[in-house]
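>>> Requesting a structural model of the entry that follows:
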Amino acid sequence: MKKTEFSSPMTSFRWWICALLFFATTVNYMDRQVLSLTYEEFIKPEFHWNDAAYGTVTGFFSLFYAICCLFAGKFIDWIGVRKGYVISIIIWSLGAVLHATTGVLTASMTGLESAAALKAVEAGSNVALAISTTSVYLFMFWRGVLALGESGNFPSAIKVTAEYFPKKDRAFATAIFNAGSSVGALVAPLCIPPLAKHLGWEMAFIIIGALGFIWVFFWVFMYDKPESHPKVNAAELEYIHQDDAEEAAEKAALAEEKAIPLRECLKYRQAWAAILNKFISDCVWWFFLFWAPSYFDTEFGAKATTPKGKLLLITLYAICTVLSIFGGYVPKHFVEKKGMHPFDARMRAMLIFACFPLMAILAQPMGARFASPWWPAILIGLAAAGHSAWAANTYSFISDLFPKSTIGTLTGMCSLAGGISTMALQKIAGNLFTYAEGAGSAFRFLGFEGKPAGYFIIFCYCGLAYLISWVVMKLLVPKYKPVRP
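Purely as a prediction, here's the structure:
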């Protein structure tokens, strides 16, 4: 595309739009974490929950979110990103805020005078069981609303990035807005526990949920397509559209490319390699995200409302955030410096990343050996960093082997597989922790007893999951063999 000379310098409004995407993703992850950061100290005693109940709620959210993701992209394409993003964030912010009504509604439905009376009910009584059951279903409903809205965030953000950035800048812009997930995980321990401690757990849900409504205000007044936006001058518009001719040719070629139907897709070993990979490994990240605050509290007495508890969680997610940036660099290094084929480079890099989660197996022994939660925080952080680097290459594994016309379909199936396994691990973990805590010293595993033994069992799976997944992928796809319908 021939470059035109302009009398005024190019504007940079596209980066303001990118900043909006970053803040939306940050709020997205903060809304997810309010429950995990208030569960042990506030939700659990007030509603007479055990870990099995918590696992049911988190497992349902994971599965329903994955199902919603199958349709979110098509919805955004149909209604348009301006309206679609607003609808998505209003729904998930409303869902987040409505969590705060659970106490009042549970009290009303169980015949109690007020939400304050819930905690005072005798533990183990029929009324306590009714409170637990009612509140679990209410939380599941609100988490469903949250998942429905949140499923629209990434399809919307990716679509806006394609609108406002040329190809050469899209990866960087995507990395910026996607960093909101890590920043959200880092910021959440700093603000959510203090809100819950000083204003009540209900206000933590309301205030964090309300951030989404504030974001909507800025989005409505700041966003428009670049062609129509008064803040985008001719120079910036030309820069944004520098790939138009090339992308038009790609779309024409894609229209002629034969898409592989889902049923046909499942006949290929390459598809099962991708699906089983997500099924085996995706659940690990969600386990750490949902259970880390409870783990540090119950095992080491480091409550999320204390400075120590906050620092532990910040340390964990900071290690994950910093080290995960190498996820895209390592395979590139193998290609450019070692001359490897891109697929072989990716598989070697994923084998390296699969070794990082092994650190999770040492978390429980090291924590017990030194009677300190800092070793688990560091080791789990390294394991989570391995997941982030691994995940960065997972979708590239799909694009390496399948035509572009099929990537969306297969990616949706992989996300669903990850949601199913996450629901399963959440349920297994919750029930295991409840049983192990009740059994006490009668429940043993490799030198640990009671609930610590339960954690050690789950940590062992989390540590081995990626190596198992890599072996499965390698057995199904031993060498580069793209699917050609």
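>>> so how far is residue 319 from residue 182?
11 Å (Cβ to Cβ, to the nearest Å). All C-beta spots, glycine's among them, are computed from the backbone N, C-alpha and C.
>>> nope, residue 431 is what I was after
30 Å.
>>> before we move on, what about residue 41?
For residue 41, the distance to residue 319 - Cβ to Cβ - is 24 Å.
>>> Next: residue 63.
28 Å.
>>> More neighbours: those two, which one.
Neighbours were counted for residue 63 and for residue 319 using other Cβ atoms under 10 Å; residue 63 has more, 22 against 19.
>>> Run through the residues that contact the more buried one.
If you count contacts by Cβ atoms under 8 Å, 6 or more residues apart in numbering, residue 63 has them with 419-420, 422-423.
>>> and what of residue 143?
Contacts of residue 143 (Cβ under 8 Å, 6+ apart): 35, 57-58, 60-61, 64, 95.
>>> Which of those has the largest number of neighbours?
residue 58 (29 neighbours).
>>> Figure out the helix or strand that that residue lives in.
Assessed by DSSP states H and E, residue 58 sits inside helix 51-79.
>>> what is the rounded mean pLDDT of that helix?
In this model, helix 51-79 has an average pLDDT of 91.
>>> From the contact counts, what lies against the helix or strand following it?
Following helix 51-79 in sequence order, the next helix or strand is helix 81-98 (DSSP H and E). Packed against helix 81-98 by the contact rule (3 or more Cβ pairs under 8 Å, 6 or more residues apart in numbering; DSSP states H and E) you find helix 13-38, helix 51-79, helix 126-150, helix 153-164, helix 201-222.
>>> tilt between the second one and helix 153-164?
Read it as helix 51-79. Taking axes from the mean of the first three to the mean of the last three Cα atoms, to 10 degrees, one finds helix 51-79 and helix 153-164 inclined to each other by 30 degrees.
>>> Pull out the buried residues from helix 51-79.
51-70, 72-73, 75-76 (16 or more other Cβ atoms under 10 Å).
>>> cool, and stretch 112-126?
112, 115, 118, 121.
>>> Could you double-check that the third one lies in contact with residue 108?
No: with contact defined as Cβ atoms under 8 Å, residue 118 does not count as touching residue 108 (11.0 Å).
>>> Can you give me the neighbour number for the residue lying closest to residue 231 once chain neighbours are set aside?
Nearest residue to residue 231 in three dimensions, chain neighbours excluded: residue 13, at 4.2 Å (Cβ to Cβ, 6 or more residues apart in numbering). Counted with other Cβ under 10 Å, the neighbours of residue 13 add up to 19.
>>> just for the chain, where's the confidence low?
1-8, 171, 244-259, 262, 324-328, 395, 404-405, 408, 485 (pLDDT under 70).
>>> what's the single longest helix in it?
Longest helix in the chain by number of residues, with DSSP state H as the criterion: helix 404-439.
>>> could you point out which element follows the helix or strand hosting residue 283?
Residue 283 is located in helix 269-300, with elements delineated by DSSP H and E. Beyond helix 269-300 on the C-terminal side, the first helix or strand identified by DSSP H and E is helix 307-323.
>>> helices or strands next to that next one in the packing?
helix 167-199, helix 269-300, helix 374-401.
>>> returning to what we had before: report the angle between the helix holding residue 283 and helix 51-79.
140 degrees.
>>> wait, is residue 11 part of a strand?
No: with DSSP: H, G, I helix; E, B strand; the rest coil as the criterion, residue 11 is located in coil rather than a strand.
>>> residue contacts, it?
Residue 11 touches 231-233, 235-236, counting by Cβ under 8 Å, 6+ apart.
>>> that older thread, could the contacts of residue 63 go into TSV alongside neighbour count and distance to residue 155?
Listed next are the contacts of residue 63 as TSV, based on neighbours: other Cβ atoms under 10 Å; distance: Cβ to Cβ, whole Å:
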residue	neighbour count	distance to residue 155
419	27	16
420	19	21
422	27	20
423	23	22
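>>> Buried residues, stretch 288-306. List them.
For stretch 288-306, by 16+ other Cβ under 10 Å, it's 288-300, 302-306.
>>> Then stretch 209-219?
Buried residues in stretch 209-219 (16+ other Cβ under 10 Å): 209, 211-212, 215-216, 219.
>>> Can you add distance to residue 23 and give those back as JSON lines?
Output for those, formatted as JSON lines (distance: Cβ to Cβ, whole Å):
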{"residue": "209", "distance to residue 23": "15"}
{"residue": "211", "distance to residue 23": "8"}
{"residue": "212", "distance to residue 23": "10"}
{"residue": "215", "distance to residue 23": "6"}
{"residue": "216", "distance to residue 23": "11"}
{"residue": "219", "distance to residue 23": "10"}
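>>> so which two of those residues are the farthest from each other?
209 and 219 (16.2 Å; Cβ to Cβ).
>>> For residue 26, see how far away the residue nearest to residue 231 is.
On the measure of Cβ to Cβ, residue 13 and residue 26 end up 20 Å apart.
>>> again, but for residue 210
14 Å.
>>> on that earlier part again, out of the helices and strands packed on helix 81-98, which gets nearest to residue 465?
helix 51-79 (15.5 Å).
>>> and that closest one with helix 126-150, angle?
Going by the same axes, to 10 degrees, helix 51-79 makes 30 degrees with helix 126-150.
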